[in-house]
Each structure stands twice: as C-alpha cells, then as structure tokens.
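> Here is a sequence together with a model predicted from it:
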Amino acid sequence: MTSSSPALEALILITRVNAETTSALDKALSRVGLWLNDLSLLGLLRDAGAEGLSRADLATALSQSQSQTLRRVKPMEKLDWIARTEAGNFRLSSHGRALELEASGLAANRSEAWLDGALDADEISQLTVLLRKIG
C-alpha cells in the first residue's frame, strides 16, 4: 500500500504488524493458558518486585481504567497468579512468577522465529528505539 502520507502509511503498517504479531504470540502463549495482554500485565508486576503496584499505577501502566484493570486482575488472583501485599498492591505470587517466566520464554522464542530472516540484530535494535519514541 502506498499513501500520499508517509505518516499514515507507517501507522497502517504498524497496525497490520501489531495484529500479526499479537496473533502469533497469542497462539504460542495459549500453551500455558495466557494471551499476550496477560503476559504484559504479569511482566509489569514482575518488574515491580515484592512491593507490587497499586491499582492506579497498574491501570496507568496498562493504559486502562482502574475498573478495567481490576476485571483483568481478579481472575488471575483466583488462579493464584497474583497476590496482594499488606498495602493492597498487586504483586506476582510464586505461581505467577513461574508462569511469567515460562510464558516469557515461549513468547521470546516465537518472537525470534517471527523476525528470523526479516531483520538482523541491529535492525531489531533500531526498530525498538523508534517504537519507544512513539509509544
């Protein structure tokens, strides 16, 4: 597709690639009962460590409302993937840490397979820098 607007063409391509990669990663993660957006949430809690994140901070990080975030977290709490700190923050449980580690490995392997041959290591680094600038 060519457009008279390079910006529009870039965003259309980003949208298409996002759909393709999300589908590929969701398929890989289905082996452990997760979707990519679940892994994203678990990864945020992994990075937060033992202190966890408040509902407001987690919602901000996920670009969602607090009620949407709570609806996503509740099933994970029931599955013992997420626990609460004494302060009421959300943190990964030991089961959640193990699941996040396994799922991250699956997603990383699928990501590398998806990009294999399309981009070299330097191009992947450049792409990451550019996407961080706009996202």
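Great, that's in hand.

> Only C-alpha atoms from now on, for both contacts and neighbour counts.
Will do.

> residues contacting the residue lying closest to Leu34 once chain neighbours are set aside?
Using CA to CA, 6 or more residues apart in numbering and skipping residues adjacent in sequence, the residue nearest Leu34 is Asp26, 7.3 Å away. Listed by CA atoms under 8 Å, 6 or more residues apart in numbering, the contact partners of Asp26 are 34-36.

> out of those, who's nearest Asn109?
Leu36 (13.7 Å; CA to CA).

> Settle this for me: the closest one is touching Thr22, isn't it.
Yes. Leu36 lies in contact with Thr22 (CA atoms under 8 Å); the separation is 6.7 Å.

> Compare those two (neighbour count), which wins?
For Leu36 versus Thr22, the count of surrounding residues by other CA atoms under 10 Å is larger for Leu36: 21 against 15.

> where does the protein have low pLDDT?
Segments of the chain classed as low confidence (criterion: pLDDT under 70) are 1-3.

> where do the strands sit along it?
Under the criterion DSSP state E, strands of the chain are mapped to 82-84, 90-92.

> List the pairing partners of the first one within its sheet, with orientation.
Using DSSP bridges, the strands paired with strand 82-84 are strand 90-92 (antiparallel).

> what's the partner strand in contact with?
With contacts defined as CA under 8 Å, 6+ apart, strand 90-92 is touched by 42, 45-46, 48-55, 81-85.
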